[in-house]
Every structure is written in structure tokens, then in C-alpha cells.
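>>> Need coordinates for the following:
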Amino acid sequence: VADLDRAPVLDGLGPAVDAGLVDVDDAAAGRYGFSHALVAETLVAEQNPTRLAQLHAQIVRALEELRAGRIAEVLEELAHHACEGAAAGTALEAFRYSLAAAEVAHRAQSSGDEVEHLRRALAVQPQGGDDRAAERVVLLTRMGAALRDVGDLLGGRDALVDAALLAEARGDDRSVVGALALLSPIDLWAAIDWSLSDARAVALLERMLAAAPGPPTPVSTASKANLSAEIVYSDPTRADELSAQAVREAEVHGDPALLERVLIMRFWAISSPYAWEERAAIGARLVQLAEAGSLPESSIPLAHMSVISAAFERGHMDVVDAAVAAARATAHPARTPRAWMHLLWTEAALAVVRGDLGRAEVLAAQLGTAAWRVRRFTAEFSHATVLSQVLAEQRRTEEALRAFDPLN
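Modelled structure (predicted):
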């Protein structure tokens, strides 16, 4: 960075080492580090923004030279320094390295890191060019999904709706539907809390449907399903109508992925016990799609579990047990985290019903951890629901009341 020979650098480091401001890094030969973060922060604070940007840009050039052929090892550092040095000429590198680092984080299922890198990429995205808006839609959509996966439900929704609005301005209906579909992931429970309603998403979906009065298309059918998911609590009657229409249309379109989505949205819209017969039919249809090889791996255990609620309400425990066994054989905590959470919920509930309270308590703890990964806004509630019931059944009343507290 300083473009100095080794000897002068070592001479310059001597007094800093003697003063205890810099230490030798035993983990790597020839490397030094500040003894405390405050030392680094103080030195950085002494630089004006222009000089600091220049230093970051110089670090980028030094890393590129020193790690030529091994850039992947320092992608995160390059992305950070290039973004900080963007004003000094590393904006293009900042965008490129941030995207590369985001892709590495995505493959590692490190959604928090992916969010940070995508945020940087959006901040330094080059101006101009016909593809800039389309690329921005993609980046916002990816960031929205990653934010949702780390539990930032509202932040994720904002990014996804921003992506959809930008896609709408470009006349790209398919990208609008793609972004809004991520507001409601494939799941047996609605993706929004009871009190949550997104006026921007609802208005956008209403506009899309109003602009497509002709014969149903896959885009308009998906829009109906997405709108039903958004208003499932605020306007359940219309959600019922839209989801039923979307299912009929999806069967005609013949796209298994679309059919799965609209069936799930329909499942939410008719969650009442009085609709057990149709929910049983939806479960059977999803299992049929799974057994035909038409669904992705993550959806197969969910398809089996979609059968359970209606069967349980009718007292058909043989069907329940068979569905749980099929889900257990296909679910995995890492590969199918959403399905794994639902499996733990179901097994914990069944253990309570059958009086196996020790197992239920163990499963409740596992459920809390699993829900934290995929449904953070209800993770504590889900754990408390099962645990307080277990403790109450064991007549541990005071503990049950304390466990119940998160539900209050």
C-alpha cells in the first residue's frame, strides 16, 4: 500500500511494536496487526474522507497484485475496500467484487453476508446502460430473499416490493411476479403475521390484474395467488375467491411449479377446520405432484405434511402417521429447513397428544432452533406454544406460566 521496501517498513514498525500499538501476528509469518481495535479506529478517524478513500483504493490495488491468481481468497476484503475507495476510482471493482462475494455467501447459505454484499453492490452499481434497471431488479430481488431468510421480514418485503415496482416501470410483468412471489415462500403457514399487510404490494398486484382482463396467463394466475396470500387475513373472503380461481387456472396451464404455489396459497386461504375436505384434496394433489417427480426436493416433505391437518381433524391417525413417516424420510435440517421446522412442530404436537411429554419437551427446544432459521418472527412463539402446553400437562403450573410469557 505504501509502496515501500521491506526494510524501511520494518524500521517504521519498530517504535509502534515497542509502544504496544502493533503486535506480531503469530498465525502468519511476516504479518503484523494492531493490538486493539481502538488503535485502528483512531488512526482511521484522523484521515479526511478523500485521503481515506485513496487509502482503500490503494489497498485494493495491493491485494490484486499480491493475490493475483488467488483473488477468491480475499473477495470479502476486496469488496469492502473497493466500496470504501469508490470515490477514488474503484467503483467498478467494488461492484464486481461485491457481486462475486455475494455469490460465495449465497452458495454457503450465509444470508447475512449475502445481504451485506448485495447492499454494497446496489450502492456502487454503475450508472447508465440499458441493462442497469433490469440488473437492479435482480439484485433487489436477491437481497429481499436474503433479508427474509435472516429474519428481517419487513426489510425483505421492502426490497422485494421495490424490485417489483421497478420491474413494473420497465413493463416486465414476469419479474414483478417473480419478486412478489418471494413475499410468500412455499410453506404450510402464511408468510405474514396476523397484523401485517403490505399496501404497496396489494396495490401493485391489483394494478397487474386490472391490466390483464383477457384470458388467464401464467402471470395473471400467479398474481391472483400472490394477492390472495397478501390479503389472507385482511380480506379472507376475497382471498378465498382469488385462490380458488388461481387453482382452476393453474391446472389448465400445466406448470407444476405454478400449480404447487397456487395450491399452497389456497391451503392458507381455507385454513378453517370446516374446509377439511378441500384441504385433504389439496394435500393429495401435492403428494401426487411429489410422487410424479414434479416438485423440487424442498417441497416433497411439505407435500406429505399438507395431508396431516385434515386427517388429524377427522381422527384418521393412520393417515397422519404415514404422512409423518414420509416427511421424516425426505426432510433434512439443512437441505429442507422449512419442511424440517414443520416436521418438528407436527411431531411435538403429536407427542403431546399421545402423552409422551418428555419427547415433546425435547422436540419443542429443537423446534425453536429450527423456526429461528426460517421463520424468525414466530420462532419464540412456536417454542413457547409447545413448551407451555407440555409443562401444563405435567402440572408444573408456575413454569408453564413463565414459558407462556412470550405469547403475551
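>>> mind listing what Pro185 touches?
Arg148, Ala191, Arg338 (C-beta atoms under 8 Å, 6 or more residues apart in numbering). For the C-beta atoms, the positions are set from N, CA and C on the backbone; glycine is no exception.
>>> Closest to Pro256 out of the residues you listed?
Of all the contacts of Pro185, Arg338 has the smallest distance to Pro256: 18.5 Å, by C-beta to C-beta.
>>> From Leu227, how far out is the residue nearest to the closest one when sequence neighbours are not counted?
The shortest distance from Arg338 to any residue other than its chain neighbours is 4.8 Å, reached at Val374 (C-beta to C-beta, 6 or more residues apart in numbering). Distance, Val374 to Leu227, by C-beta to C-beta, to the nearest Å: 24 Å.
>>> before we move on, back to that, now the contacts of Pro185 as CSV including distance to Asp158?
Below are the contacts of Pro185 laid out as CSV (distance: C-beta to C-beta, whole Å):
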residue, distance to Asp158
Arg148, 11
Ala191, 15
Arg338, 22
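>>> so which of these comes closest to Asp172?
Arg148 (21.3 Å).
>>> In this structure that closest one contacts Gly156, no?
Yes: using C-beta atoms under 8 Å, Arg148 is in contact with Gly156, at 3.4 Å.
>>> shared neighbours, those two?
What both Arg148 and Gly156 touch, as defined by C-beta under 8 Å, 6+ apart, is the set Leu182.
>>> hang on, the earlier thing: most neighbours among the contacts of Pro185, which one is it?
Arg148 (25 neighbours; other C-beta atoms under 10 Å).
>>> ok, now which ones touch that residue?
Gly156, Arg157, Leu160, Leu182, Pro185.
>>> from what I can see the second one touches Gly144, true?
Yes: using C-beta under 8 Å, Arg157 and Gly144 qualify as a contacting pair, with a distance of 7.1 Å.
>>> any idea of the mean pLDDT for stretch 300-316?
Averaging pLDDT along stretch 300-316 yields 94.
>>> Flag every buried residue along it.
300-312, 316 (16 or more other C-beta atoms under 10 Å).
>>> Now that we have the residues you listed, can you turn them into CSV and tack on distance to Val137 and secondary structure?
Formatted as CSV, these follow (distance: C-beta to C-beta, whole Å; DSSP: H, G, I helix; E, B strand; the rest coil):
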residue, distance to Val137, secondary structure
Ile300, 30, helix
Pro301, 32, helix
Leu302, 28, helix
Ala303, 31, helix
His304, 35, helix
Met305, 33, helix
Ser306, 32, coil
Val307, 37, coil
Ile308, 38, helix
Ser309, 37, helix
Ala310, 39, helix
Ala311, 42, helix
Phe312, 42, helix
His316, 46, coil
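>>> Which residue ranges of the chain form strands?
22-24, 32-34 (DSSP state E).
>>> For the ones you listed, give me TSV that also has distance to Ala203, mean pLDDT and mean neighbour count.
TSV is the format used below for those (distance: least, C-beta to C-beta, whole Å; pLDDT from 0 to 100; neighbours: other C-beta atoms under 10 Å):
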stretch	distance to Ala203	mean pLDDT	mean neighbour count
strand 22-24	57	85	15
strand 32-34	51	83	14
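>>> export those strands to TSV and tack on distance to Ala327?
Listed next are the strands of the chain as TSV, based on distance: least, C-beta to C-beta, whole Å:
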stretch	distance to Ala327
strand 22-24	53
strand 32-34	49
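>>> Quick one: closest of these to Gly85.
Relative to Gly85, the nearest member of the strands of the chain by C-beta to C-beta is strand 32-34, separated by 19.9 Å.
>>> Which members of the contacts of Arg148 define the maximum pairwise distance?
Arg157 and Pro185 (12.1 Å).
>>> middle-most residue in the chain, spatially?
Central residue check for the chain by C-alpha atoms, centre = their mean: the C-alpha nearest the mean position is that of Asp149, 2.1 Å away.
>>> give me the number of residues near Val115?
Neighbours of Val115 (other C-beta under 10 Å): 25.
>>> Ala146 is in contact with that one, correct?
Yes: using C-beta under 8 Å, Val115 is in contact with Ala146, at 4.7 Å.
>>> I'd say the residue nearest to the centre of the chain and Ser110 touch.
No: between Asp149 and Ser110 there is no contact, the gap being 10.0 Å when judged by C-beta under 8 Å.
>>> low pLDDT regions in the protein?
Where the chain drops to pLDDT under 70, the residues are 2, 129-130, 194-195.
>>> can you give me the helices for the stretch 51-200 of the chain?
75-84, 91-107, 111-124, 132-149, 153-169, 173-181, 199-210 (DSSP state H, counting those that start in this stretch).
>>> Now tabulate these in JSON lines and tack on distance to Ala28.
Shown next, in JSON lines, are the helices of the stretch 51-200 of the chain (distance: least, C-beta to C-beta, whole Å):
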{"stretch": "helix 75-84", "distance to Ala28": "14"}
{"stretch": "helix 91-107", "distance to Ala28": "21"}
{"stretch": "helix 111-124", "distance to Ala28": "23"}
{"stretch": "helix 132-149", "distance to Ala28": "32"}
{"stretch": "helix 153-169", "distance to Ala28": "37"}
{"stretch": "helix 173-181", "distance to Ala28": "44"}
{"stretch": "helix 199-210", "distance to Ala28": "49"}
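>>> Of all those helices, which one is nearest Arg359?
So among these, helix 132-149 is nearest, using C-beta to C-beta, at 29.3 Å.
>>> Taking helix 111-124 as reference, get the angle to the closest one.
Counting by axes from the mean of the first three to the mean of the last three C-alpha atoms, to 10 degrees, helix 132-149 lies at 150 degrees to helix 111-124.
>>> What residues sit buried inside helix 132-149?
So for helix 132-149, counting by 16+ other C-beta under 10 Å, buried means 135-149.
>>> which one of Val374 and Leu227 has more residues nearby?
Neighbour count, other C-beta under 10 Å: between Val374 and Leu227, Leu227 has more, with 25 against 19.
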